[in-house]
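> After the sequence you'll find the predicted model.
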Amino acid sequence: MSAVSSCPGSGIAMVAVMSKPHRCPHIATTGNICVDRGPDSDFEYSTQSYTGYNPYIQARGRVDQLRRLGHSVDKVVAHMMPNLPNVDMERDMESFREFFENPSFRADGLKIYPTLVIRGTGLYELWKTGRYKNYPPEQLVNLVARVLSLVPPWTRVYRIQRDIPMPLVTSGVEKGNLRELALMRMEDLGLKCRDVRTREAGIQDIHNQIKPEEVLLRLRKCGPNATCPELLGRCSIFRELHVYGTAVPVHGRDADKLQHQGYGTLLMEEAERIARKEHRSVKLAVISGVGTRHYYRKLGYELEGPYMTKRL
């Protein structure tokens with residue numbers, strides 16, 4: 001970085017690297033569109049096949065990654081894209097049900113990105129020739145509302161549409177507040193959303209009445225096949241600790257707000273008790289960013305590899 005003469009005021013230089021274009025292996029093509037198994041494939045013209053790899057093999061690979069890493073070590077945020085080519089409403093709903101109910105998935109977080117048609121893409125050419133159509137706006141709102149009603153309480157829905165300016169979208173989401181519209185539709189249908197974000201502490205009094213079972217600390221007992229040497233043996237790990245609510249400065253305190261009131265420390269004490277008494281673990285590890293290591297050091301944790309760990 002020091003060799004870059006045009007550093008901005010922050011001292012950080014932005015470096016862009018472009019990889020060499022390379023034709024994807026094992027693909028059949030129809031015009032400029034890559035498809036999985038040729039024109040008769042169920043995934044013909046599907047964006048899932050643009051990479052040229054079998055989407056079923058890709059999904060099995062993701063499941064294997066989740067089994068080895070995500071379910072016991074890393075926090076996982078999944079992306080789901082409804083309204084892909086050749087996929088109707090019921091098939092989309094079936095995919096979401098499988099994602100939420102199948103123990104092979106069950107990610108900690110979810111981003112829902114309805115398919116958008118952007119000029120200059122292969123999908124734009126399909127849309128322009130009438131071979132692809134987005135869901136009508138009302139139908140899309142209904143779909144998202146039905147999906148949110150399925151979200152389990154341990155999952156946080158981070159986003160419901162991509163942060164792309166509406167003028168750049170040729171076809172797809174027509175409103176910038178799709179989540180809000182879906183939640184309003186859920187009220188009309190008598191449905192409830194149970195995800196973490198919906199239950200976060202906010203500025204309304206009703207949201208500040210936090211129940212013990214709704215706090216957020218993700219704790220796991222590491223299995224014998226843990227991929228990281230720091231997690232081998234009788235070890236537990238908590239992958240995420242959050243006290244949500246209105247932001248409070250690092251060294252500040254506000255009696256009317258939830259942050260910096262000791263809730264995080266109480267959660268960690270309970271996590272240590274569960275790890276010691278129920279998991280029979282002798283060590284507890286924490287996934288910690290550089291900025292939070294000092295906090296964990298004050299609680300008796302030490303840096304071990306990429307984790308902060310403590311002997312129980």
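Yep, it's here.

> And what about residue 65, helix, strand or coil?
Assigned with DSSP: H, G, I helix; E, B strand; the rest coil, residue 65 falls in the helix class.

> Count the neighbours of it for me.
13 (other CB atoms under 10 Å). For every residue, glycine as well, the C-beta is placed using N, CA and C.

> try residue 102
Look at residue 102: counted by other CB under 10 Å, it has 10 neighbours.

> Name the residues of the strand ranked longest in the chain that come out as buried.
Secondary structure of the chain per DSSP state E: the longest strand is strand 235-242. Using 16 or more other CB atoms under 10 Å as the burial criterion, the residues of strand 235-242 that qualify are 235, 236, 237, 238, 239, 240, 241.

> what do you get for stretch 144-151?
144, 145, 146, 147, 148, 150, 151.

> Equivalent analysis for stretch 305-312, please.
Using 16+ other CB under 10 Å as the test for burial, stretch 305-312 gives 307, 308, 309, 310, 312.

> Tell me the one of the residues you listed nearest residue 286?
Proximity to residue 286 was ranked across the buried residues of stretch 305-312 by CB to CB; first place goes to residue 308, at 4.5 Å.

> Quick check, that closest one in contact with residue 296.
Yes. Using CB atoms under 8 Å, residue 308 makes contact with residue 296 at a distance of 4.3 Å.

> which neighbours do those two share?
286, 288 (CB atoms under 8 Å, 6 or more residues apart in numbering).

> Mind listing the residues bridging to residue 311?
Beta bridges link residue 311 to residue 283 when assigned by DSSP bridges.

> My read is that it contacts residue 282, right?
Yes. Between residue 311 and residue 282 a contact is recorded at 6.6 Å, counting by CB under 8 Å.

> hang on, the earlier thing: just send the buried residues of stretch 305-312 back as a markdown table, with pLDDT and distance to residue 130 too.
Formatted as a markdown table, the buried residues of stretch 305-312 follow (pLDDT from 0 to 100; distance: CB to CB, whole Å):
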| residue | pLDDT | distance to residue 130 |
| --- | --- | --- |
| 307 | 87 | 53 |
| 308 | 88 | 56 |
| 309 | 91 | 59 |
| 310 | 91 | 61 |
| 312 | 89 | 63 |
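
> Just give me the closest of those residues to residue 287.
residue 307 (6.5 Å).

> avg pLDDT for stretch 167-178?
Averaging pLDDT along stretch 167-178 gives 85.

> Report the buried residues of it.
169, 170, 171, 172, 173, 178.

> Now do the end-to-end distance for it.
End-to-end distance for stretch 167-178: 16 Å, by CA to CA, to the nearest Å.

> quick one: contacts of it?
For stretch 167-178, the external contacting residues (CB under 8 Å, 6+ apart) are 83, 114-119, 124, 127, 133-134, 137, 140-141, 144, 160-161, 166, 181.

> The helix or strand hosting residue 58: what's the following helix or strand?
Counting by DSSP states H and E, the element that carries residue 58 is helix 55-65. Next helix or strand after helix 55-65 toward the C-terminus (DSSP H and E): strand 77-80.

> Can you tell me the strand partners of that following strand and which way each runs?
In the sheet, strand 77-80 lines up with strand 109-112 (parallel) (DSSP bridges).

> Please list the residues outside the strand it pairs with that contact it.
So strand 109-112 is contacted by 75-82, 144, 147, 151, 155-161, 195 (CB under 8 Å, 6+ apart).

> Nice, that's everything, thank you.
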